[in-house]
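Participant: Just a sequence and a predicted model for now, questions to come.
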Amino acid sequence: MDMFIKFLVAAIGAGTPLLFGTVGEILNEKVGHLNLGVEGMMAIGACAGFMGGYFSDSFLVALLAAFFAGMLAALIYAVLTVTFMADQNVAGLTMTIFGVGISNFIGVLMITRSETGTLKLPENVTAQMRGVHIPLLSDLSVVGELLFQYTPFVYLGIAVAAVCGFYLYKTKTGLNVQAIGENPGAADAASIPVTRWKYFNILLGGGICGIGGAYCGMIINGGVWISNSVNGLGWIAVALVIFAAWKPHMAILGSFVFGALRVLKFYKVGFMAGWPDAFFDVLPFLITALVLIVTSMRGSKGVHIPASLGVNYFREER
């Protein structure tokens, strides 16, 4: 029982960066933009968040740096695809290549300038990243460990998913945003500012992805800078959007399921004990591929894909 609880706790932690990436991509796709640059935006967020914490000695500054760096990366994508109407797939892939490359370059550059040959976050920042202790609640035997001892990233991720879900499905603005994703021409004819809301959602989604990258750079690596810290999680997040049926609250469940797959190799029991770790390393990507295959076979049944997803909007053609 104790091992099972530890497994659940580890799964929630491992799924947190996926939650940020998935919610950020949902905001992009709801306005009709398939952004394959999630990996790159998370990588840029990882670098900015780590360096922000490293130089400022502040966890809050690290979060803000990651958020605005992700927004800046998303702004490049938005200018290319919204204003200049570049191919969304090409722009997204370019953003991934650029984001991962610039992140690793800055990290290596800082390491070479470091006296110790490594980059480690200040103790004040790592202390603020540790599990939040809530008096009485965190001390409960089972419930406390399962619900009230996580890092601030976990609670922030759940809050972001809940707020984004409310924004998309419970507000007039969110309904207008979904109308843009379905038929931007009709939304434009109804006096909805299409370009403005496309930019808003793409930038907000990029900022959220950047925070997910900060988790990778600051938590997963134990406060030490390591290149390629995102390590493919952005690609899983893109597929998780389908798994979550374009709903932020479903992204919470999906991200934690895939988080469980990521840490399963550390909790092998019974018939799995002799299985090689390499199988468990590839398992999340294998399940991701299966999700895409099953979804393609079922078509749009059970999910609602934005009708204009991947199609640039040219106002003069409406």
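Facilitator: Received, thanks.

Participant: give me the element S227 is part of.
Facilitator: Using DSSP states H and E, S227 falls within no helix or strand.

Participant: Please tell me how far the helix or strand bottoming out on mean pLDDT in the chain is from the chain's geometric centre.
Facilitator: For the chain, using mean pLDDT, DSSP states H and E, the weakest element among its helices and strands is helix 277-298, scoring a mean of 82. With Cα atoms, centre = their mean, to the nearest Å as the basis, helix 277-298 stands 18 Å off its chain's centre.

Participant: Counting neighbours, which bits of it end up buried?
Facilitator: 280, 283-284, 287-288, 291, 295 (16 or more other Cβ atoms under 10 Å). For every residue, glycine as well, the C-beta is placed using N, CA and C.

Participant: surely C164 meets L27?
Facilitator: Yes: in this structure, C164 is within contact of L27 by Cβ atoms under 8 Å, at 6.4 Å.

Participant: which residues do the two both contact?
Facilitator: Taking Cβ atoms under 8 Å, 6 or more residues apart in numbering as the criterion, C164 and L27 both touch I208.

Participant: about what we covered before: tell me which two in the buried residues of helix 277-298 are the farthest apart.
Facilitator: By the measure Cβ to Cβ, F280 and T295 form the most distant pair in the buried residues of helix 277-298, at 23.6 Å.

Participant: OK, contacts around the closest residue to K265 other than its chain neighbours?
Facilitator: In space, K265 comes closest to F280 once its chain neighbours are excluded; the distance is 3.3 Å by Cβ to Cβ, 6 or more residues apart in numbering. By Cβ under 8 Å, 6+ apart, the contact list for F280 reads 261, 264-265, 268.

Participant: measure F280 to F7 for me?
Facilitator: 13 Å (Cβ to Cβ, to the nearest Å).

Participant: List the residues that are in contact with both of those two.
Facilitator: Counting by Cβ under 8 Å, 6+ apart, the residues touching both F280 and F7 are L264.

Participant: quick one, helices of the stretch 151-300 of the chain?
Facilitator: Ranges of helices within the stretch 151-300 of the chain are 152-170, 172-182, 184-189, 194-215, 233-243, 248-263, 277-298, based on DSSP state H, counting those that start in this stretch.

Participant: so which of these gets nearest P17?
Facilitator: If we rank those by Cβ to Cβ, the stretch that ends up nearest is helix 194-215, at 4.3 Å.

Participant: on that earlier part again, so which of the helices of the stretch 151-300 of the chain is nearest T118?
Facilitator: Between T118 and those, the tightest spacing by Cβ to Cβ is seen for helix 194-215, at 18.8 Å.

Participant: now the closest one, how far from the chain's geometric center?
Facilitator: In terms of Cα atoms, centre = their mean, the centre of helix 194-215 is found 10 Å from the chain centre.

Participant: please renumber so the chain begins at 146
Facilitator: Sure thing, new numbering starts at 146, so read that last one as helix 339-360.

Participant: orientation of it relative to helix 297-315 in degrees?
Facilitator: On the basis of axes from the mean of the first three to the mean of the last three Cα atoms, to 10 degrees, helix 339-360 is oriented at 160 degrees to helix 297-315.

Participant: what mean pLDDT would you report for helix 339-360?
Facilitator: Taken as a whole, helix 339-360 has a mean pLDDT of 98.

Participant: same deal with stretch 385-400?
Facilitator: 93.

Participant: Please apply the same query to stretch 161-179.
Facilitator: The pLDDT scores in stretch 161-179 average 97.

Participant: quick one: it to chain centroid distance?
Facilitator: Computed by Cα atoms, centre = their mean, the chain-centroid distance of stretch 161-179 equals 7 Å.

Participant: Kindly export it (C-alpha atoms) in CSV.
Facilitator: The C-alpha trace of stretch 161-179 is given here as CSV (Å, rounded to 0.1, in the frame of the first residue of the first chain):
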residue,chain,number,x,y,z
THR,A,161,2.7,18.0,-14.2
PRO,A,162,4.8,19.3,-17.1
LEU,A,163,2.5,17.4,-19.5
LEU,A,164,-0.4,19.2,-17.9
PHE,A,165,1.0,22.6,-18.7
GLY,A,166,2.0,21.7,-22.2
THR,A,167,-1.4,20.1,-22.9
VAL,A,168,-3.4,23.1,-21.6
GLY,A,169,-1.2,25.5,-23.5
GLU,A,170,-1.7,23.5,-26.8
ILE,A,171,-5.5,23.3,-26.2
LEU,A,172,-5.6,27.1,-26.1
ASN,A,173,-3.8,27.2,-29.4
GLU,A,174,-5.9,24.7,-31.1
LYS,A,175,-9.2,26.2,-29.9
VAL,A,176,-8.5,29.2,-32.2
GLY,A,177,-7.6,26.9,-35.1
HIS,A,178,-3.8,26.7,-34.8
LEU,A,179,-2.0,23.4,-34.6
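
Participant: Neighbours of F229, how many?
Facilitator: A count of nearby residues for F229, using other Cβ atoms under 10 Å, gives 10.
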